[in-house]
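**Student:** My questions are about this predicted structure, shown below with the sequence.
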Amino acid sequence: MNKTIITIAPTGAWPKKEQNPHIPMTPREIAEDVYECYKAGAAIAHLHMRDDEGNGTMDKSKFEETVQLIREKCDIVINCTTSGDLNATDETRQVHLKSVQPEMASYDCGSMNWMNNSLFLNSPKFLEELGHTMQQYGVKPEIEIFDAGMIYNSLYYLKKSVLKAPLHYQFVLGAAGGTAATVENLVYLKNLIPEGSTWSALGIGKNNISILLAAVALGGHVRVGLEDNLYYKSGVLATNAQLVTRAANIIKEAANEVASPDDARQILGLKK
């Protein structure tokens, strides 16, 4: 049986309880939600933090508190964002990697326009610095791909030894300003990555189930969570545990096995 990794992304940088009351906001809420998702089958937790007003923040003390609370409950793989606040500096986007030392962290491999009149900036200087910081602290990059050009950027950084093989990609489909969430686009992106790479996919919006099904069928891994989709189905708000449970059921129906955290470590070459 193939083992499929489920990543839970419990809270992003923008949804608030006004949009879905199940969004976890505080370190304790996030840790408790992650633990419920771990019990439902999640092997990796992709973490964003919120400030006291509920806005996205790269405050390292929030990461430290949340990760400590999670580690007291379970051994889920910790994957920290490096892009949780559009106003963060190059320094504050990566300072938590030293103190938290997560097993993974996001590596957004290029810049793009958000269609809400803002810019998602990931300059070449920052990406080179971030790649070396991750190597210094033994953090595996999760190379987040919003369009095909970012894959070619990753190949350039692989050639420069800023990134090291084997690479792990996270295809983010359906983001405003990024590649649309279609099965055809997922297949196209998958076929661009280097041989021996691992990959995961998520779909934002109405086609999220299509991307989930296709990722499992194509032998990839999956990400779900309220960061990406607030609804379980049309008109029905979701919880994170519900989204993980549905993903786990689909994986089992496909005759695959839901990967444990230690399975994920072995598949991705992580050091616990």
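**Tutor:** Arrived safely.
**Student:** Only C-alpha atoms from now on, for both contacts and neighbour counts.
**Tutor:** Noted.
**Student:** For residue 151, I want the exact helix or strand it lies within.
**Tutor:** helix 148-159 (DSSP states H and E).
**Student:** Show me what the following helix or strand past that helix is packed up against.
**Tutor:** Downstream of helix 148-159, the next assigned helix or strand under DSSP H and E is strand 168-173. Using 3 or more CA pairs under 8 Å, 6 or more residues apart in numbering; DSSP states H and E as the contact test, the elements touching strand 168-173 are strand 140-145, helix 183-190, strand 198-203.
**Student:** quick one: residue 162 from residue 120, how far?
**Tutor:** As judged by CA to CA, to the nearest Å, residue 162 and residue 120 stand 21 Å apart.
**Student:** Between these two, which is the more surrounded one?
**Tutor:** residue 162 (19 against 16; other CA atoms under 10 Å).
**Student:** want to throw the helices and strands packed on strand 168-173 into JSON lines with distance to residue 3?
**Tutor:** JSON lines is the format used below for the helices and strands packed on strand 168-173 (distance: least, CA to CA, whole Å):
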{"stretch": "strand 140-145", "distance to residue 3": "19"}
{"stretch": "helix 183-190", "distance to residue 3": "18"}
{"stretch": "strand 198-203", "distance to residue 3": "12"}
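**Student:** nearest to residue 46, of these?
**Tutor:** Of all these, it is strand 140-145 that lies closest to residue 46, at 9.9 Å by CA to CA.
**Student:** could you give me the average pLDDT of the closest one?
**Tutor:** The predicted model assigns strand 140-145 a mean pLDDT of 98.
**Student:** who does that strand pair up with?
**Tutor:** Strand 140-145 has its sheet partners listed here by DSSP bridges as strand 104-108 (parallel), strand 168-173 (parallel).
**Student:** Run through who's touching stretch 149-157.
**Tutor:** 109-110, 128, 143, 145, 163, 189, 192-193 (CA atoms under 8 Å, 6 or more residues apart in numbering).
**Student:** ditto for stretch 99-113
**Tutor:** Under the contact criterion CA under 8 Å, 6+ apart, stretch 99-113 has outside partners 46, 60, 63-64, 67, 77-83, 119-124, 127, 130-131, 137-145, 149-151, 153-154, 177-178, 270-272.
**Student:** now, which of those residues lie within strands?
**Tutor:** Mapping the contacts of stretch 99-113 onto strands (DSSP state E) picks out 46, 77-80, 119-120, 140-145.
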